[in-house]
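In: My questions are about this predicted structure, shown below with the sequence.
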Number of protein chains: 2
Amino acid sequence: MSTQQRSEETRSRILQAALGCFSERGYDGTGVAEICQRAGVSKGAFYHHFASKQALFVALLAQWLAVLDDQAAVQRAPGATAPQALQAMVALLQQVFRDASGRLTMFLEFWRQAARDEAIWQATMAPFDRYHALLAGIVRAGIAEGSLRPCDPDNAARVIVSMAVGMVLQSALDPTGSDWQQAAQAGMDLLLAGLVRRAP
Amino acid sequence: MSTQQRSEETRSRILQAALGCFSERGYDGTGVAEICQRAGVSKGAFYHHFASKQALFVALLAQWLAVLDDQAAVQRAPGATAPQALQAMVALLQQVFRDASGRLTMFLEFWRQAARDEAIWQATMAPFDRYHALLAGIVRAGIAEGSLRPCDPDNAARVIVSMAVGMVLQSALDPTGSDWQQAAQAGMDLLLAGLVRRAP
């Protein structure tokens, strides 16, 4: 194993240990010492990778979202119309719904800390803004290409993000309460019924 | 003050004290003794009103939702069409958006306990089901009266509830990030554009 591989493996082990600690005892109830013990690394190794417990917490959030971001970039196939691109975005939620229930405790912890800590708040809000911008861009392109009727792209993006956030939260609380993926697809179809330009 | 008034006043003081304790130290970190001390009541008085800390927690959730439920019942004016009834429901959110930020900590605490405690989970999920049923009923009536095009009322209700949940959560995290009431109105207009039956 190269030095770089070993370093990445250590970083990943710290993130995994932190996830366990934060989920069980919360952010406030967890110290760097406990994370190090659980990960089997020295404090020196910890501080080589993370400046602070806060920085680790933000990295944990970023790690989760990176997977989704990569997929979102891939999904935007060249030549797809705006309605096709929006439906592809909904398909991405499948993985999120699958993971949501097991991650609820950590998500609630992110939001709780966001209310108290400016840096965590920034990291927590950034993905909302990023998805908002991505979706507003698709809607804007759809209006320009004539596949969507003229509307306020920011309003449309806010509705889509909010619907997704609301469904993910409900799916985390009640995984078997609905077929959430089907609900998200039906929701997007319903929105598209209002957004799509009709033949004159 | 009558005995009944005094009893209600005591109950309300216990709920208020519990809200403070739970917000500051969380559900797990709060004991009945601390709530009694903060409320200035005896343990006897506490157990006269609430069977347990859990029962108090559920009552606190029910108290918050009762205000919204009363308004929802009032808002459904006789003779209103389904689109008018749906727009009136959105107007209800104004109060929710106003309170959301100050209540975030308690809401996160409700959801956290819901993941661990069956009775709290039931109490937490009940309002989602209630609003879902209310909205699906309005959509069904709209299809019957011809103001809405044929669609699956459950899908439509799920979209509306999810959009509202997503917006309330975002407004709690970021009260000044958007004009949330305006966003909710624009969102409902967008949904109605797809739902409303057009002149043939």
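Out: Yes, it's here. Numbers count the residues shown, from 1 in each chain, chains lettered A, B, ... in the order given.
In: Could you tell me how many residues sit around residue A:64?
Out: By the criterion of other CB atoms under 10 Å in any protein chain shown, residue A:64 has 19 neighbours. C-betas here are computed from N, CA, C, even on glycine.
In: Compute the number of surrounding residues for the nearest residue to it once chain neighbours are set aside.
Out: In this structure, residue A:64 finds its nearest non-sequential neighbour in residue A:103, 7.5 Å apart by CB to CB, 6 or more residues apart in numbering or on different chains. Look at residue A:103: counted by other CB under 10 Å, it has 17 neighbours.
In: Helix or strand: which one has residue A:103?
Out: Using DSSP states H and E, residue A:103 sits within helix A:82-114.
In: for that helix, which positions count as buried?
Out: Neighbour counts over helix A:82-114 (16 or more other CB atoms under 10 Å in any protein chain shown) mark A:82-90, A:92-93, A:96-97, A:99-100, A:103-114 as buried.
In: and what of stretch A:178-195?
Out: Within stretch A:178-195, the residues that qualify as buried by neighbour count (16+ other CB under 10 Å) are A:178, A:180-181, A:183-192, A:194-195.
In: what do you get for stretch A:140-148?
Out: Neighbour-count burial for stretch A:140-148 [16+ other CB under 10 Å]: A:140, A:141, A:142, A:143, A:147, A:148.
In: Taking those together, which two end up most distant?
Out: Maximum pairwise distance in the buried residues of stretch A:140-148, criterion CB to CB, is 11.5 Å, between A:140 and A:147.
In: list the contacts for residue A:187?
Out: Residues near residue A:187 by CB atoms under 8 Å, 6 or more residues apart in numbering or on different chains: A:90, A:163, A:167, B:155, B:158, B:159, B:162.
In: which SS state does the fourth one fall under?
Out: Using DSSP: H, G, I helix; E, B strand; the rest coil, the three-state assignment for residue B:155 comes out as helix.
In: Check the burial of it by counting its neighbours.
Out: 19.
In: from memory it sits against residue A:183, does it?
Out: Yes: with contact defined as CB atoms under 8 Å, residue B:155 counts as touching residue A:183 (6.8 Å).
In: quick revisit: does anything pack onto the helix holding residue A:103? Which helices or strands?
Out: helix A:3-25, helix A:53-75, helix A:118-145, helix A:153-173, helix A:180-195, helix B:82-114, helix B:153-173 (3 or more CB pairs under 8 Å, 6 or more residues apart in numbering or on different chains; DSSP states H and E).
In: roughly how far out does it sit from the chain middle?
Out: 5 Å (CA atoms, centre = their mean, to the nearest Å).
In: same thing with stretch A:150-164?
Out: On the basis of CA atoms, centre = their mean, stretch A:150-164 sits 17 Å off its chain's mean C-alpha point.
In: before we move on, what about stretch A:7-14?
Out: Stretch A:7-14 has its C-alpha centroid displaced from the chain centroid by 22 Å (CA atoms, centre = their mean).
In: Quick check: buried residues in it?
Out: Buried residues in stretch A:7-14, counted by 16+ other CB under 10 Å: A:10, A:11, A:13, A:14.
In: Now render those as TSV, adding distance to chain B.
Out: Shown next, in TSV, are those (distance: CB to the nearest CB, whole Å):
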residue	distance to chain B
A:10	31
A:11	28
A:13	26
A:14	24
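In: okay, among these, which ones form the most distant pair?
Out: The largest separation in the buried residues of stretch A:7-14, counting by CB to CB, is between A:11 and A:13 at 7.3 Å.
In: Name the nearest residue to the residue at minimal distance from the centre of chain A, ignoring sequence neighbours.
Out: Centroid-nearest residue in chain A: residue A:65, 4.2 Å away (criterion: CA atoms, centre = their mean). Leaving aside its chain neighbours, residue A:65 sits nearest to residue A:127 (5.1 Å; criterion: CB to CB, 6+ apart).
In: One more: residue A:160?
Out: Closest to residue A:160 by CB to CB, 6+ apart is residue A:135, at 5.2 Å.
In: Tally up the residues packed near that neighbour, please.
Out: Residues within reach of residue A:135, counting by other CB under 10 Å, total 23.
In: residue contacts, it?
Out: Here residue A:135 is in contact with A:86, A:89, A:156, A:157, A:160, A:161 (CB under 8 Å, 6+ apart).
In: Now do it, the pLDDT please.
Out: Looking at residue A:135, its pLDDT is 92.
In: Kindly report the same for residue A:158.
Out: Residue A:158 carries a pLDDT score of 95 in this model.
In: wait, what's in contact with the nearest residue to it once chain neighbours are set aside?
Out: Leaving aside its sequence neighbours, residue A:158 sits nearest to residue B:183 (CB to CB, 6+ apart; 5.1 Å). Listed by CB under 8 Å, 6+ apart, the contact set of residue B:183 reads A:155, A:158, A:159, A:162, B:167.
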